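**Q** Mind folding the following:
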Amino acid sequence: MAHARRIGVLTGGGDVPGLNAVIKSIVHHAMPLGYQVLGIRRGWEGMTHLRQGAELDPNYILPLDYVNTRTIDRTGGTMLHTSRVNPRKMRAGSLPKHIPEEKLGAMQVGEGLYNFTPVVLDNIAHLGLDYLIPIGGDDTLSFAATLDAQGVSLIGVPKTMDNDVQGTEYCIGFSTAVTRAREAINRQRTILGSHERIGIFRVFGRDAGFTAVYSAYVTGGRCVIPEIEFDLQKLIELLLEDKRNNSSRYSFVIASEGALWKGQSLSEWGEADAYGHKKKADIGLALAEEIRRHTGEDTISSDLTYELRGGEPDLVDYLAGTTFGNIAVDLIRQGIRGRLVAIQGGKYTHAALPDPKIPPRSVDVSKMYNLERCRPEYTGKIGLPLMLTSVEP
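**A** Numbers count the residues shown, from 1 in each chain. Here you go, the predicted model:
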């Protein structure tokens, strides 16, 4: 296919505010440099399911320009839509219908599982992409590392409310998530106070407690996180102490979805997604019931998870999203490939793509969390970047 130089852009995993700002900045920086920008719809599904032909498949390919991206940064979500498709582990029931049986047989890697990496590589070549910009968290970027190893030129952009992507101190969506958590918790204080209850607010954070820690930091609440098991009795004592000392007679704790107390074993349920994750049993409901059972106090559990990803981006996510998109194009212009746009030491930079064999980044409990008080650590911040934790170059 004869064409101008092309950049493909996709968003994978959960949507967060700020994604559209990244997309718009890529388009508005790349077009004056002579690039055509193709939006790939529905994340990696767009690269596994599109039909090749003389025309671009409109179900999965959307040419991006000044007109159709002009106002997208004013809203949350992603204009390109998203999915949790993992091309290395495609299930039999979700395969595109147009792939020939003989080709499917060659890609089968297990009972009902298929590795669609060859299809993705074919589609990248068919689209004539000179570069690919995947925007996502560790799961989305893990397949980017696979493509990088296959020689595909790409630049990753980190996105997740958990803020746990390796190599960067900040991921798109994190600040808005904490802003939304603070707003929601502050709204519900009147409910807790009116009924003199203990509140448990559940937030995202399967493997890392950044969202819970920062939300507690800006609300003055307690928090529990996945990085270290907490003492249930100690937490109860702290919450009762807070309740006694509060003229409105309420207290609350913010719980990461992956948090556990000592001796606890919360189950997972449902079918694992394409990246092996099952749904976590609700720590908020479990903790609320345990506190009620031990104390007789009224409790209320509020699940804030999806509330945190709605609406337009806040200042930080708009600023970071716009800048990340521009940096990605700057790196492409310099011929740099296989890198992740990042912040380190509070400064914009680029880093190695996340290694799929290494776990996500986690809260440094020794510097950021007071286990005895189930609180963020508020002191000793001199020399640390604004987001309270540092990543070494």
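**Q** ok, now which ones touch Val213?
**A** 223, 225, 363, 368-369, 376 (CB atoms under 8 Å, 6 or more residues apart in numbering). Where you see a C-beta, it was placed from the backbone N, CA and C, and this is true even at glycine.
**Q** can you give me the helices for the stretch 101-250 of the chain?
**A** Counting by DSSP state H, counting those that start in this stretch, the stretch 101-250 of the chain has helices at residues 101-107, 117-127, 138-149, 174-195, 210-219, 232-245.
**Q** So which elements touch the second one?
**A** Put plainly, it is helix 117-127. Secondary-structure packing of helix 117-127 (3 or more CB pairs under 8 Å, 6 or more residues apart in numbering; DSSP states H and E): strand 6-11, helix 45-49, helix 101-107, helix 138-149.
**Q** Closest to the mean position in the protein, which residue would that be?
**A** Thr160 (1.8 Å; CA atoms, centre = their mean).
**Q** Quick check, it in contact with Cys171.
**A** Yes: using CB atoms under 8 Å, Thr160 is in contact with Cys171, at 4.7 Å.
**Q** where do the contact lists of those two overlap?
**A** With CB under 8 Å, 6+ apart, Thr160 and Cys171 have common neighbours Gly137.
**Q** Below-threshold pLDDT in the stretch 201-350 of the chain: ranges please.
**A** Counting by pLDDT under 70, the stretch 201-350 of the chain contains low-confidence ranges at 266-280.
**Q** ok, back up a step: could you check the helices and strands packed on helix 117-127 and tell me which one is nearest Thr82?
**A** Among the helices and strands packed on helix 117-127, strand 6-11 comes nearest to Thr82, with 5.0 Å by CB to CB.
**Q** Could you give the average pLDDT over the closest one?
**A** What strand 6-11 shows for mean pLDDT is 98.
**Q** Name the strands paired with that strand and say parallel or antiparallel.
**A** strand 36-40 (parallel), strand 131-136 (parallel) (DSSP bridges).
**Q** Would you mind giving the domain segments of the protein?
**A** By the assignment in automatic domain parsing, the chain contains the domains 6-172+313-352, 177-310+363-376.
**Q** Compare those domains and give me the one nearest Ser390.
**A** Of all the domains of the chain, domain 6-172+313-352 sits nearest to Ser390, with 6.2 Å by CB to CB.
**Q** Correct me if wrong: Ser251 contacts Lys243.
**A** Yes: counting by CB under 8 Å, Ser251 touches Lys243, with 4.3 Å between them.
**Q** who has more neighbours, those two?
**A** More neighbours surround Ser251 than the other of Ser251 and Lys243, with 23 against 19 (other CB atoms under 10 Å).
**Q** Could I get the phi/psi values of Gln344?
**A** Per-residue torsions, Gln344: phi -140, psi 130 (degrees, to the nearest 10).
**Q** surely it meets Pro158?
**A** No: here Gln344 does not reach Pro158: they are 11.7 Å apart, not a contact under CB under 8 Å.
**Q** ok, the two, which is more surrounded?
**A** Shown here are Gln344 and Pro158; by other CB under 10 Å, Pro158 has more neighbours (30 against 18).
**Q** how close does the more buried one sit to His28?
**A** Using CB to CB, to the nearest Å, one gets 21 Å for the distance from Pro158 to His28.
**Q** ok, so what distance separates Ile228 from Gly8?
**A** In terms of CB to CB, Ile228 sits 41 Å off from Gly8.
**Q** Show me which of the two is the more surrounded one.
**A** Using other CB under 10 Å as the criterion, Ile228 and Gly8 rank with Gly8 on top: 25 against 15.
**Q** That one and Leu132 touch, don't they?
**A** Yes: at 4.7 Å, Gly8 counts as touching Leu132 under the criterion of CB under 8 Å.
**Q** Please enumerate the shared neighbours of these two.
**A** Ile124.
**Q** picking that back up, among the contacts of Val213, which are located in strands?
**A** 223, 369, 376 (DSSP state E).
**Q** I'd like those laid out as TSV, including neighbour count and distance to Ala149.
**A** Shown next, in TSV, are the ones in strands among the contacts of Val213 (neighbours: other CB atoms under 10 Å; distance: CB to CB, whole Å):
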residue	neighbour count	distance to Ala149
Cys223	29	38
Tyr369	22	36
Pro376	24	38
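**Q** follow-up on the earlier one: list the residues that contact both of Ser251 and Lys243?
**A** Ile198.
**Q** follow-up on the earlier one: out of the contacts of Val213, the closest to Gln188 would be?
**A** Cys223 (15.7 Å).
**Q** Tell me if Ser301 really is in a strand.
**A** Yes: under DSSP: H, G, I helix; E, B strand; the rest coil, Ser301 falls within a strand.
**Q** Might one say that it is in contact with Ile291?
**A** No: counting by CB under 8 Å, Ser301 stays clear of Ile291, with 9.8 Å between them.
**Q** how about Ala328, what does it touch?
**A** Contacts of Ala328 (CB under 8 Å, 6+ apart): 22, 26, 133, 155, 157, 341.
**Q** With respect to Leu353, which of those residues is nearest?
**A** Ile155 (9.1 Å).
**Q** surely that closest one meets Gly335?
**A** No: in this structure, Ile155 is not within contact of Gly335 by CB under 8 Å, at 11.1 Å.
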